[in-house]
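Undergrad: Structure for the following, please:
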Amino acid sequence: MKIATFNINNINRRLPNLLAWLRAAKPDVVALQELKASDGEFPAAAIEKAGYGAVWHGQRTWNGVAILARKAEPILTRDRLPGRPGDHEARYIEAAVRGIIVTSIYLPNGNPQPGPKFDAKLDWFARLKRHAKTFIKQDLPVVLAGDYNVAPTEIDIYPTRSWDKDALIQPKSRAAYASLVEQGWCDAIRALHPDKRIYTFWDYKRNRWPRDAGLRLDHLLLSPAIAPRLAKAGVDRHVRGEDGASDHAPAWVVLR
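TA: Residues are numbered from 1 along each chain as shown. Below you'll find the model as predicted:
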């Protein structure tokens, strides 16, 4: 079973890229982020024609998350992160697919920091951690997939000082991610590639893709109930180099 996460950065603009990748990679489940489309603008017909059922929570201009399932219909279990009733941003969705709960997470960026946006990022992380703990307690097979907007360690960002003040690599951001993992989650890519520089995001600015000046922001965390099934993990980085590409590439795991 192949499960992927992909920040598509505008699903309608990048629809040809997405459909081409689905045909080539044939993931069984895909968590999408940054749809940048309202619910009614989601390209459900094209996704269905490609052989995928879908659930989504859209939002125009920014945000928006979805879960696709190959030759299956995802069963929606939650379309927002609990803990703040007034939070209407489309940053979290959760569905059951073939006996596994899969999320699509689009965690707040947090810039500029310090300030209210960074505080909101840490608050969102705290809510995610509380919700994730319920999965651990119930010993459920869960994949927390998504764009966490955190490069967890120094090896998850190209050698540079230019991002030192960015919310993506602040000590508090990294500590929040580490605290989540310490509940018992397996960071799949890092588990299989402990010392390798692997990136999932290359900013459009400053020639960062040709220079391989990337960051690993997109993660798949496996619950203890499913971690023993981990067989492979990687990034389809070639997708980032295509015409009209998102600034992210799909990250994926294969479960036995």
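Undergrad: Helices of this protein, start to end?
TA: 15-25, 44-49, 116-137, 171-181, 188-192 (DSSP state H).
Undergrad: Make TSV out of the ones you listed and add mean neighbour count, distance to Leu255 and mean pLDDT.
TA: All C-beta atoms are positioned from the backbone trio N, CA, C, and that covers glycine. Rendered in TSV, the data for the helices of the chain read as follows (neighbours: other C-beta atoms under 10 Å; distance: least, C-beta to C-beta, whole Å; pLDDT from 0 to 100):
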stretch	mean neighbour count	distance to Leu255	mean pLDDT
helix 15-25	16	15	98
helix 44-49	14	23	98
helix 116-137	17	16	98
helix 171-181	17	18	98
helix 188-192	20	9	98
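Undergrad: okay if I get the ones you listed as a markdown table plus distance to Glu34?
TA: Shown next, in a markdown table, are those (distance: least, C-beta to C-beta, whole Å):
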| stretch | distance to Glu34 |
| --- | --- |
| helix 15-25 | 12 |
| helix 44-49 | 16 |
| helix 116-137 | 15 |
| helix 171-181 | 19 |
| helix 188-192 | 20 |
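Undergrad: Nearest to Gly244, out of those helices?
TA: Among the helices of the chain, helix 15-25 comes nearest to Gly244, with 6.0 Å by C-beta to C-beta.
Undergrad: Now do the strands for the protein: every range, in order, please.
TA: 2-7, 29-33, 52-57, 65-70, 75-78, 92-97, 100-106, 142-147, 186-187, 218-222, 230-235, 251-255 (DSSP state E).
Undergrad: Could you identify which of the ones you listed is most buried?
TA: Greatest average neighbour count among these goes to strand 29-33 (a mean of 29), per mean count of other C-beta atoms under 10 Å.
Undergrad: isn't Pro224 right up against Gly184?
TA: Yes. With contact defined as C-beta atoms under 8 Å, Pro224 reaches Gly184; the gap is 4.9 Å.
Undergrad: Find residues that contact each of the two.
TA: Ile136 (C-beta atoms under 8 Å, 6 or more residues apart in numbering).
Undergrad: Contact partners for the residue nearest the centre of the chain?
TA: The centre of the chain sits closest to Gly146, judged by C-alpha atoms, centre = their mean, with a distance of 1.5 Å. The contact partners of Gly146, by C-beta under 8 Å, 6+ apart, come to Thr5, Ala31, Gln33, Val65, Thr103, Ser104, Ile105, Tyr106, Leu107, Asp218, His219.
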